[in-house]
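Visitor: Structure, please.
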Amino acid sequence: MSDNTKVAKHPKGLYILFTTEMWERFGFYLMVGIFFLYMTDTLAHGGRGFASAKATDIVGTYVALVYLSPFIGGLIADRILGYRKSILIGGLLMSFGYFGLAVSDDTTMYISCLLIIIGNGFFKPNISTLLGNMYNEDHLKPLKDSAYNIFYMGVNTGAFFCNFVAAYLRNNYGWGYAFASAGVGLLIAVSWFLYGMKHVAHADIIKPKNKDDMPVSRVLLYVFLPALLFGAIGWFIPGKMMGSDSNDAFMFACIPITVFYGSLFFKASKEDKRGVGALLAFFVVAIIFWIIYNQNATGLTIWADTYTDRSMSPGIEKAVAPFHFVQVVNTDPHNVQQLDQFFRPQVDATGHAMTTLGVDPYFQNLPKEKWPPPGQDLKLVSAELFQSINPFFIVLFTPIVVWIFGWFIRRGKPLSTPVKLVYAMLFTALSALVMVAAVHSTNIYADKTQAFWLVSSYAIFTIGELLISPIGLSMVSKLAPQRLTALMMGGWFLSTSLGGKFSGMLASNWGNFEDKAAYFWILTALCIVAAIGMFLMVKWLKEIIYERTGNY
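Guide: Numbers count the residues shown, from 1 in each chain. Okay, the predicted model is just below:
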């Protein structure tokens, strides 16, 4: 280790980007955390009244498009706007989208989602690229992995607190107020970024166009336009090959974009080809991680809402009562979704869940001896609060993980990035395996499972997440040709997008898995396959990273 490495400190710009991203993720995860619950809530309670299969399909499509849009946003920032302008535009568009969700009708909901998708395309790849550019100076390069871990802790600080705000507002004032608070978070993010922009200005460099680069106009003509056309074909093609029109449209739209990224490899110079190839191989493996990651908005939210005992002890109830984070249910008959014995909603011809007069669905698999007496309430932990478990562990574990990385460096045996990724997939597989055990812990259709299982799964998953998600951003920054950094960051988010869509497709079939263990066995098997694939690439990736950076 050089003397420069020993004395290097993180620049102020890191903390500007940390806080900006924290507030942006506050809004993003607040919306994602309640979106499924909002759509499946009855119209009488201010929700949309959708069946769970339709809601998971929409969530999966939304998440997929949110992470697909950075492909264009990164390209425009790389070649035209620069990173700071793109971040500001993206933040404002997302704030408009979140405020729009506060209006309770289907048309406004879809338009608002579109604004958020476009805004994220401008924001997400470019704030990550700006951070990477700051650490391209020689004395800061050894701190790049740690910088992304610290940055990622900011992401999860926002993700942790947002669910408490969402629970308070939706339980006490309604869904609209919760969505509006996400818009406020984005306005704070934009304001803070403007305040600290001088500390990141030096990293906002528009790359000079290489003679072999495809102009933006040609990318739009030969990639973006074909993606729209392919998407339209997928939407209108008969048969619903992948379960729904939206699934077909998305997968067809990805074809020209995937071909474009493949062309970057074949057209790259000899110097750039190995770095681009390594990233593309890594992106394929990362798709599987994102399938499991995005279960938090679908499968695990369903698990928390339906199969987890969310009742509170008197002590906890007393402690949280002043904050109004609780969901109140009772046995008084009211308008609820009509469910079969496996919690599958009965739907009408429009895809909306049919309703009936009955007790709250929470009681369907709660033994009657645990029901509250007639006229009394049962107070529950709001389901979205379980999504704060993962970011809580991120914030808790990040300093420990950063210290462990430093400990290995000080011993002269640093953990290489590819090795970290192998361990990431193994931990992710173990987190899914915990949920297999949760299914077998009781008859989930007659009794609730303990919250311990969900907490344990999130805790184990968090370790895997810390070893791949922030490290993935760092890897793109290390291996991407400098003029293509934001575009390749868009490729990283393309893998996220595909993982999100596959996750939604799998969750749309949740009701078809009467044995829920089979659902989580599929996730476990996918992770093991990804771990083996990454292990086989370790030596190759280490060589390329060393060639590009002089470090592993």
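Visitor: helices or strands next to the longest helix seen in the chain in the packing?
Guide: Secondary structure of the chain per DSSP state H: the longest helix is helix 516-549. The contact analysis (3 or more CB pairs under 8 Å, 6 or more residues apart in numbering; DSSP states H and E) places helix 516-549 against helix 270-293, helix 417-440, helix 451-479. For every residue, glycine as well, the C-beta is placed using N, CA and C.
Visitor: in it, what counts as buried?
Guide: For helix 516-549, burial by neighbour count (16 or more other CB atoms under 10 Å) applies to 516-517, 519-521, 523-524, 526-528, 530-531, 533-535, 537, 541-542, 544-545, 548-549.
Visitor: returning to what we had before: in CSV: the helices and strands packed on helix 516-549, plus mean pLDDT and distance to Pro215.
Guide: Output for those, formatted as CSV (pLDDT from 0 to 100; distance: least, CB to CB, whole Å):
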stretch, mean pLDDT, distance to Pro215
helix 270-293, 87, 18
helix 417-440, 94, 33
helix 451-479, 86, 23
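Visitor: could you dump those helices to TSV with distance to Asn365?
Guide: Converted to TSV, those look like this (distance: least, CB to CB, whole Å):
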stretch	distance to Asn365
helix 270-293	25
helix 417-440	13
helix 451-479	15
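Visitor: Tell me which of those lies nearest to Trp403.
Guide: helix 451-479 (12.1 Å; CB to CB).
Visitor: I'd like the next helix or strand past that closest one.
Guide: Proceeding N to C from helix 451-479, the next assigned helix or strand is helix 485-508, under DSSP states H and E.
Visitor: Tell me which of the helices and strands packed on helix 516-549 sits nearest to Ala44.
Guide: Among the helices and strands packed on helix 516-549, helix 451-479 sits nearest to Ala44 (CB to CB), with 28.6 Å.
Visitor: Let me know the angle separating that closest one from helix 516-549.
Guide: Interaxial angle, helix 451-479 versus helix 516-549 (axes from the mean of the first three to the mean of the last three CA atoms, to 10 degrees): 20 degrees.
Visitor: mind listing what's buried in helix 451-479?
Guide: 451, 453-479.
Visitor: The helix or strand hosting Tyr67 - what's its average pLDDT?
Guide: Assessed by DSSP H and E, Tyr67 sits inside helix 52-68. Taken as a whole, helix 52-68 has an average pLDDT of 87.
Visitor: helices or strands up against the helix or strand just after that helix?
Guide: Next along the chain after helix 52-68, taking DSSP H and E as the criterion, comes helix 70-76. Secondary-structure packing of helix 70-76 (3+ CB pairs under 8 Å, 6+ apart): helix 83-101, helix 106-134, helix 216-219, helix 485-508.
Visitor: Give me the residue at the spatial middle of this protein.
Guide: Computing the C-alpha centroid of the chain and ranking residues by CA atoms, centre = their mean puts Asn294 first, at 5.6 Å.
Visitor: Report the separation between that one and Lys478.
Guide: Per CB to CB, to the nearest Å, Asn294 is found 25 Å from Lys478.
Visitor: Then Ile404?
Guide: Separation of Ile404 from Lys478 (CB to CB) stands at 20 Å.
Visitor: repeat for Met312
Guide: Applying CB to CB to Met312 and Lys478 gives a distance of 46 Å.
Visitor: Same check on Phe193?
Guide: For Phe193 relative to Lys478 (CB to CB), the value is 25 Å.
Visitor: do Thr107 as well
Guide: With CB to CB as the criterion, Thr107 and Lys478 are 44 Å apart.
Visitor: what about the residue in the chain sticking out farthest from the centre, which SS state?
Guide: What lies farthest from the middle of the chain is Pro374; by CA atoms, centre = their mean that is 40.9 Å. At Pro374 the chain is in coil, as set by DSSP: H, G, I helix; E, B strand; the rest coil.
Visitor: Leaving out sequence neighbours, find the closest residue to it.
Guide: Of all residues not flanking Pro374 in the chain, Thr331 sits nearest, at 6.2 Å (CB to CB, 6 or more residues apart in numbering).
Visitor: these two touch, right, the one you found and Phe363?
Guide: Yes: Thr331 is within contact range of Phe363, at 6.6 Å (criterion: CB atoms under 8 Å).
Visitor: overlap in contacts of the two?
Guide: Residues touching both Thr331 and Phe363 (CB atoms under 8 Å, 6 or more residues apart in numbering): Trp371.
Visitor: for this protein, what are the low-confidence residue spans?
Guide: Applying pLDDT under 70 to the chain flags the ranges 1-8, 207-214, 321, 323-324, 351, 473, 483, 486-487, 550-552.
Visitor: can I assume Arg548 is in contact with Pro481?
Guide: No: here Arg548 does not reach Pro481: they are 9.6 Å apart, not a contact under CB under 8 Å.
Visitor: anything in contact with each of those two?
Guide: Applying CB under 8 Å, 6+ apart, one finds that Arg548 and Pro481 are jointly contacted by Gly275.
Visitor: what's around Thr157, how many residues?
Guide: Other residues lying near Thr157 total 22 when counted by other CB atoms under 10 Å.
Visitor: show me what contacts it?
Guide: Thr157 neighbours (CB under 8 Å, 6+ apart): Met22, Pro391, Val395.
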